[in-house]
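Trainee: got a predicted structure here, sequence first:
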Protein chains: 2
Amino acid sequence: MIKPRTPTGVMELLPRDQIAFQRMLDTIRRIFEGFGFLPIETPVFELSEVLLTKSGGETERQVYFAQSTGTLEKAEAGLPELALRFDLTVPLARYVAEHEHELAFPFRRYQMQRVYRGERAQRGRFREFYQCDIDVIGKDALSPRHDAEIPAVIHAVFDALDIGDFTIQFNHRKLLRGWFEGQGIAGDAQLPVLREIDKLDKRGEDAVRATLAGEGFGLSDTVIDQLLAFSRVRSTGHDDALAKLEALGQGTALFEEGRDELREVLHRLKALGVPESRYAINLSIARGLDYYTGIVYETTLDAHPGIGSICSGGRYDNLASHYTRSKLPGVGISIGLTRLFWQLREAGLVATADSSVDVLVTLFDDAGLDHALGLSQQLRAAGLNVETQLEPRKLGKQMQYADRAGIRFVVIRGDDEAGRGVVAVKDLRRGEQFEVADADLARTLLVEREQWRALGQGAG
Amino acid sequence: MIKPRTPTGVMELLPRDQIAFQRMLDTIRRIFEGFGFLPIETPVFELSEVLLTKSGGETERQVYFAQSTGTLEKAEAGLPELALRFDLTVPLARYVAEHEHELAFPFRRYQMQRVYRGERAQRGRFREFYQCDIDVIGKDALSPRHDAEIPAVIHAVFDALDIGDFTIQFNHRKLLRGWFEGQGIAGDAQLPVLREIDKLDKRGEDAVRATLAGEGFGLSDTVIDQLLAFSRVRSTGHDDALAKLEALGQGTALFEEGRDELREVLHRLKALGVPESRYAINLSIARGLDYYTGIVYETTLDAHPGIGSICSGGRYDNLASHYTRSKLPGVGISIGLTRLFWQLREAGLVATADSSVDVLVTLFDDAGLDHALGLSQQLRAAGLNVETQLEPRKLGKQMQYADRAGIRFVVIRGDDEAGRGVVAVKDLRRGEQFEVADADLARTLLVEREQWRALGQGAG
């Protein structure tokens, strides 16, 4: 006998939690499609040679390789042929470069698949997790206007997910680097400083100040003061964001370019009707990754800052330089849904869902089975999800089962009801019971379901 | 520069094909949920020790193992810790055994995920493919009534997928083994004979006859004649199925048990309203797998027998004997959707889908952008999928783009329209153009979309 168990670092759910998770996936997909993003899926494994174009990075250290039994036995030297994707960005780059001549640009794609990282086992760390990504990829150029549409998508997603108030925060790499230039920090010296600024949240001002003043950086107190003051800038509201950008004073050409793009984003967000309480500039956001070159986004839950950013991304200059000579600038974001779902559950912000089953058709004796089967099919034809009790059991047991399973409607047809051509319906959510003619059952239940949905009482 | 390409044996789709594929997945999910099956997802990798409870089988030879860079460098002896699932049945067994006390039985689950097999590279053979499975798992016992619900699900799925006429064919292991008993083939001698009968389609009667008469079998001509006559039995219609079962004459207790169960399935299928043209008994179906113990199903497209079975499964006595002492009988089916989709495309039975985008909002000059953004958001709020043209282009170019992308509605607002508070809508599917007031646009497009759907003109 082998103990049934999963590897560590994966999230496996019981059905009602899976339904809750699936509803989040469906909601995200609906919003992504609403904004005109097209679906793609890529294979879980890529050729190692194609996936691992860079070497040595932390992510590459965590890559999983896949080998079939045959290959394993041969034990050839060198890297295995196949490796599991560790994000959706490298597969996107490969996909766009491979299918470049079959795609229309700007190419707007969404992708919601699992990715794999050989993380050390630790609570809340996942070796397999969903990413839900959108990206807009231009050919040669991509207008900064696309930068404004992305926060509108983020807004629509988290508004629809209904997990509490949130703020989409952004900064701009050109603004940051332009500011650094103005402080005499230029070229290759910028990235290490950027990385330190990005650690402000974790390390605190004092620690970052010490590092920037110390060996390898050696920045003056005045410069450090300026950097920290800059990084403390946060806006509250649309006009405040514009005012705070204005108050930064004049800067280098790069700085002004970044500021102009941020102003355009703010302007277009208003045209898109995104409420001003939902977005803010936050000049401390740098995003550790080297490849962002323009706007960068983070999104936080107002009541749960400890969860950190629940949706991040930004603008990059060239998606697929390893695979094609075409210049493919883009902008995109990613939601790490497995981790988010886990955190929301820990914080008590998502509940176990009601069942995807709307109706349980009960059964008291074998003679009633054919009728129960026919009735169930009628309800299904009307668009309801129906489980038929195929073996007779006591009503109490069947009721208890429906209650525990989160099924809302229990349809009962005893001899009395059968004689009168009606069924009794127990509505476990409202705690009510009513009778309805056989022929009206489907319509009645559909109306009840729609009313409940319209009341915003869950997606049930 | 690295050539961007996928490994062999995977199916990667361009967006419009991905949309067609996604619609099939959505349809299957809708039907599975309609019959009260609950979703589960399991991790792509299982512990090797848990996944590979048997050894030596062909499937096990094809297993992919996953190792992170760190583990690979250590190169420990023995099997790697993790292996990719090669089907959804073993993960289901592990899941049910692991969560046995948290699940309600009969446990009805659906699962639609990709599985992995180290197949040799060959056209139409996939190393990564979707399986869409349902199973009903009982604890200790599971009524044969569940066997009748499964073909009703198969019927609903392929009716909804709308890929042509199909026939759900079934046989029963007890009927088969009872028949063998009657011919003096008992116990361990049955399985090899069953395997030969299962090859009738591929090898033909003469070859199978030769094998059964030859070494290792040594069956008499009379017995072989009886076996072949039995395996030729096919029904055409409900009453014919009952008559042909009757005509088999009396048999052993096991035979009668199988026949009774088949009769019950036929009876319940009628109660479920499944058209009799959609199902038939076919006594040549054996299904190679050893673990089926009752009814077995195959489904074929009437006009494309060469595609083979597009949905197969059956009844088994004990799902998870490697993981638990509880007896868990079940019945289920699997649709190999990647292969099916590929075959349907080869046969010209699925077309590239229209875009998931309903509307393209065009743009002629920068001054119109804010209006275009606001209008797009209005349409989205009404439930339409909208792409906004963010950079001005010639109308012809924008129209051409929408046409190639499969977007149905193009919304145009020139100075003339703007002045009159209307927009022009080009309906690329109907080839018509009309004007509508700004405020009525969303409702008009929704009505058009619903009408098109009601006409059965695609899920667009």
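Mentor: Structure's in. What do you need? These figures come from a predicted structure and were not determined experimentally.
Trainee: okay, CA-based contacts and neighbour counts for the rest of this
Mentor: Will do.
Trainee: need the three-state assignment for the residue nearest to residue A:52 when sequence neighbours are not counted.
Mentor: Closest residue to residue A:52 apart from its sequence neighbours, by CA to CA, 6 or more residues apart in numbering or on different chains: residue A:60 at 7.0 Å. Of the three states, residue A:60 takes helix according to DSSP: H, G, I helix; E, B strand; the rest coil.
Trainee: which strands and helices lie in contact with the helix or strand harbouring residue A:226?
Mentor: With elements taken from DSSP states H and E, the one containing residue A:226 is helix A:221-231. The elements that helix A:221-231 packs onto, with contact taken as 3 or more CA pairs under 8 Å, 6 or more residues apart in numbering or on different chains; DSSP states H and E, are helix A:205-213.
Trainee: could you check the angle the helix it packs on makes with helix A:221-231?
Mentor: In this structure, helix A:205-213 runs at an angle of 130 degrees to helix A:221-231, with axes from the mean of the first three to the mean of the last three CA atoms, to 10 degrees as the basis.
Trainee: give me the contact list for helix A:205-213.
Mentor: Contacts with helix A:205-213, where a contact means CA atoms under 8 Å, 6 or more residues apart in numbering or on different chains, come from A:193, A:196-197, A:199-200, A:217-221, A:224, A:228.
Trainee: neighbour-wise, which of those residues leads?
Mentor: In terms of neighbour count, residue A:197 stands highest of the contacts of helix A:205-213 at 25 neighbours, by other CA atoms under 10 Å in any protein chain shown.
Trainee: chain neighbours aside, what residue packs nearest to that residue?
Mentor: residue A:284 (6.6 Å).
Trainee: wait, the one you found sits on residue A:233?
Mentor: Yes: using CA atoms under 8 Å, residue A:284 is in contact with residue A:233, at 7.4 Å.
Trainee: near chain B, which residues of the stretch 251-400 of chain A?
Mentor: A:268, A:271-273, A:321-324, A:355-357, A:370-371, A:373-374, A:377, A:380, A:383-387, A:390-391 (CA under 8 Å from any CA of the partner chain).
Trainee: now a ChimeraX select for only the buried ones of those residues.
Mentor: Here is the ChimeraX command that selects the buried residues among those (16 or more other CA atoms under 10 Å in any protein chain shown):
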select /A:268,271,272,321,322,323,324,355,356,357,370,373,374,377,380,383,384,385,386,387,390
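Trainee: which members of the residues of the stretch 251-400 of chain A next to chain B occur in helices, if any?
Mentor: Using DSSP state H, A:268, A:271, A:370-371, A:373-374, A:377, A:380 are the members of those that sit in helices.
Trainee: tally of neighbours for the residue of the stretch 101-250 of chain A found nearest chain B?
Mentor: Ranking the residues of the stretch 101-250 of chain A by distance to chain B (CA to the nearest CA) places residue A:118 first, at 5.7 Å. Under the neighbour criterion other CA under 10 Å, residue A:118 is assigned a count of 21.
Trainee: all strands for the stretch 201-350 of chain A, in order.
Mentor: Counting by DSSP state E, counting those that start in this stretch, the stretch 201-350 of chain A forms strands over residues A:279-281, A:292-301, A:312-316, A:330-336, given from the N-terminal end onward.
Trainee: JSON lines for those strands, including mean neighbour count and mean pLDDT?
Mentor: Listed next are the strands of the stretch 201-350 of chain A as JSON lines, based on neighbours: other CA atoms under 10 Å in any protein chain shown; pLDDT from 0 to 100:
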{"stretch": "strand A:279-281", "mean neighbour count": "24", "mean pLDDT": "98"}
{"stretch": "strand A:292-301", "mean neighbour count": "22", "mean pLDDT": "96"}
{"stretch": "strand A:312-316", "mean neighbour count": "23", "mean pLDDT": "97"}
{"stretch": "strand A:330-336", "mean neighbour count": "24", "mean pLDDT": "98"}
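Trainee: turn those strands into a markdown table, columns for distance to residue B:164.
Mentor: Formatted as a markdown table, the strands of the stretch 201-350 of chain A follow (distance: least, CA to CA, whole Å):
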| stretch | distance to residue B:164 |
| --- | --- |
| strand A:279-281 | 51 |
| strand A:292-301 | 48 |
| strand A:312-316 | 45 |
| strand A:330-336 | 39 |
